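Novice: take this sequence and fold it.
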Amino acid sequence: MAEPIKLSMAQALNRALRDAMAEDESVYVFGEDVGPLGGVFRITDGLTAEFGEDRCFDTPLAESGIAGLAVGMAMNGMRPVIEMQFDAFAYPAFEQIASHIAKMRNRTRGRVGLPLVIRIPYAGGIGGVEHHCDSSEAYYAHTPGLKVVTPATPADAYHLLREAIACDDPVVFMEPKKLYWAKEEVDTGTSRPPIGRAVVCRPGTDATLIAYGPSVPTALEAAEAAAQEGRSLQVVDVRSIVPFDDATVCEAVRATGRAVVVAETAGFASVASEIAARVTERCFHSLAAPVRRVTGFDIPYPPPKLERHQLPSVDRILDAVDDLQWEDDQ
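Specialist: Next up, the predicted model:
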């Protein structure tokens, strides 16, 4: 059994791709600059040298064409993994994703699945210019037929990507850009909770913070800050946006009676809105206060110098926790 090794999230993703390609010759990796360069974030570094230009290759700057090529390959027995260089660069491919990738199994009455993965670096925290930082997860979550997952740790990045590649349905794999350099011990030989499962990553008794992807570390920081003030906050990492793990999330909320959903995206009609609604419907009689949300503002993503105001912060999370009607319990 392989020993755990310390990897950044970028390295864990690279390892997952390498291991999947080594084990299955039907796995192909392609996109803009993913070949010899290794991708903008070097996630595909070394794959072309190891597996050849037929298995990991560059494409033209045409996201719709990249997605369309993946459809044809997946229909013919291959397992393509495509990279959209940045979140907002993926929008030209959305027609292919919504009209063909998401609907193929339904359209063919289950006869044709599309085992493909769409990797999308997303969200903020890197000071990117326009079109280089966006939180687009709600578009994909709102499209029936797609699985949508996002890791918050290097270990989850490795295991979720391996599972996504092995899945017989299309998976949109959202990679938090600001966490690419976060490091931890990764055991590639052990199993992790599958797609469709959330995890409680910090226990707590007073309130539950529900987060995913880039917001999980911020929620953990807020829980640590709250602990210094004598308040115990539980943190749940959603991991899988679609399918969503109602059981784990709602069990956590019922245990504390209070919940705050944390996400970088704009709050209106968002994944955070859906989580808040699901928790309210299922946990209504256990709630001591309305579910709160801490999200980005309902504006186009701001320029780098204003980014810190857009992203959820520890202070904003703690303010939301303070508003959970604590006085009503006295």
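Novice: show me the chain divided up by domain.
Specialist: Annotated domains of the chain cover 5-186, 199-324 [automatic domain parsing].
Novice: how about JSON lines for those, with mean neighbour count added?
Specialist: For every residue, glycine as well, the C-beta is placed using N, CA and C. JSON lines is the format used below for these (neighbours: other Cβ atoms under 10 Å):
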{"stretch": "domain 5-186", "mean neighbour count": "20"}
{"stretch": "domain 199-324", "mean neighbour count": "19"}
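Novice: mind checking the ones you listed for the one nearest to residue 192?
Specialist: Checking the domains of the chain against residue 192 by Cβ to Cβ gives domain 5-186 as the closest, at 3.9 Å.
Novice: quick revisit: for residue 193, find the nearest of the domains of the chain.
Specialist: The nearest among those, by Cβ to Cβ, is domain 199-324 at 5.7 Å.
Novice: any idea how far the closest one is from the middle of the chain?
Specialist: Relative to its chain's centre, domain 199-324 lies at 15 Å (Cα atoms, centre = their mean, to the nearest Å).
Novice: likewise stretch 124-131?
Specialist: So, by Cα atoms, centre = their mean, the centroid of stretch 124-131 is 17 Å from its chain's centroid.
Novice: run the chain-centre distance for stretch 70-90.
Specialist: 17 Å.
Novice: how far does it stretch from one end to the other?
Specialist: 14 Å (Cα to Cα, to the nearest Å).
Novice: ranking helices and strands of the chain by mean pLDDT, which lands last?
Specialist: Averaged element by element with mean pLDDT, DSSP states H and E, the chain has its least confident helix or strand at helix 307-310 (a mean of 93).
Novice: restrict that helix to CA atoms and write it as CSV.
Specialist: The C-alpha trace of helix 307-310 is given here as CSV (Å, rounded to 0.1, in the frame of the first residue of the first chain):
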residue,chain,number,x,y,z
GLU,A,307,-12.2,41.4,-4.7
ARG,A,308,-11.7,41.2,-0.9
HIS,A,309,-15.0,43.0,-0.5
GLN,A,310,-16.9,40.5,-2.7
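Novice: all strands for this structure, in order.
Specialist: Ranges of strands within the chain are 5-8, 27-31, 56-58, 79-83, 117-122, 147-149, 171-176, 183-186, 199-202, 207-211, 233-237, 240-242, 259-266, 292-296, based on DSSP state E.
Novice: elements contacting the fifth one?
Specialist: When contacts are defined as 3 or more Cβ pairs under 8 Å, 6 or more residues apart in numbering; DSSP states H and E, strand 117-122 packs onto strand 79-83, helix 154-166, strand 171-176.
Novice: out of those, which is closest to residue 56?
Specialist: strand 79-83 (9.2 Å).
Novice: for residue 234, give the beta-bridge partners.
Specialist: residue 208 (DSSP bridges).
Novice: pretty sure it sits against residue 257.
Specialist: No. Look at residue 234 against residue 257 with Cβ atoms under 8 Å: they stay out of range, at 10.9 Å.
Novice: mind listing the shared neighbours of the two?
Specialist: residue 207 (Cβ atoms under 8 Å, 6 or more residues apart in numbering).
Novice: below-threshold pLDDT in the stretch 1-150 of the chain: ranges please.
Specialist: Applying pLDDT under 70 to the stretch 1-150 of the chain flags the ranges 1-2.
Novice: would you list the strands of the chain in CSV and tack on distance to residue 95?
Specialist: As requested, the strands of the chain are exported to CSV (distance: least, Cβ to Cβ, whole Å):
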stretch, distance to residue 95
strand 5-8, 34
strand 27-31, 18
strand 56-58, 23
strand 79-83, 15
strand 117-122, 13
strand 147-149, 18
strand 171-176, 15
strand 183-186, 36
strand 199-202, 34
strand 207-211, 31
strand 233-237, 32
strand 240-242, 20
strand 259-266, 21
strand 292-296, 26
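Novice: and those: which comes nearest residue 68?
Specialist: Of these, nearest to residue 68 by Cβ to Cβ is strand 79-83, at 10.2 Å.
Novice: what lines up beside the closest one in the sheet?
Specialist: strand 27-31 (parallel), strand 117-122 (parallel).
Novice: kindly reformat those strands as CSV containing distance to residue 294.
Specialist: Formatted as CSV, the strands paired with strand 79-83 follow (distance: least, Cβ to Cβ, whole Å):
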stretch, distance to residue 294
strand 27-31, 33
strand 117-122, 18
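Novice: so which of these comes closest to residue 97?
Specialist: Closest to residue 97 of the strands paired with strand 79-83 is strand 117-122 (Cβ to Cβ; 6.9 Å).
Novice: centre of the chain to the closest one, how far?
Specialist: Taking mean C-alpha positions (Cα atoms, centre = their mean), strand 117-122 and its chain are 9 Å apart.
Novice: no further queries at this time; thank you.
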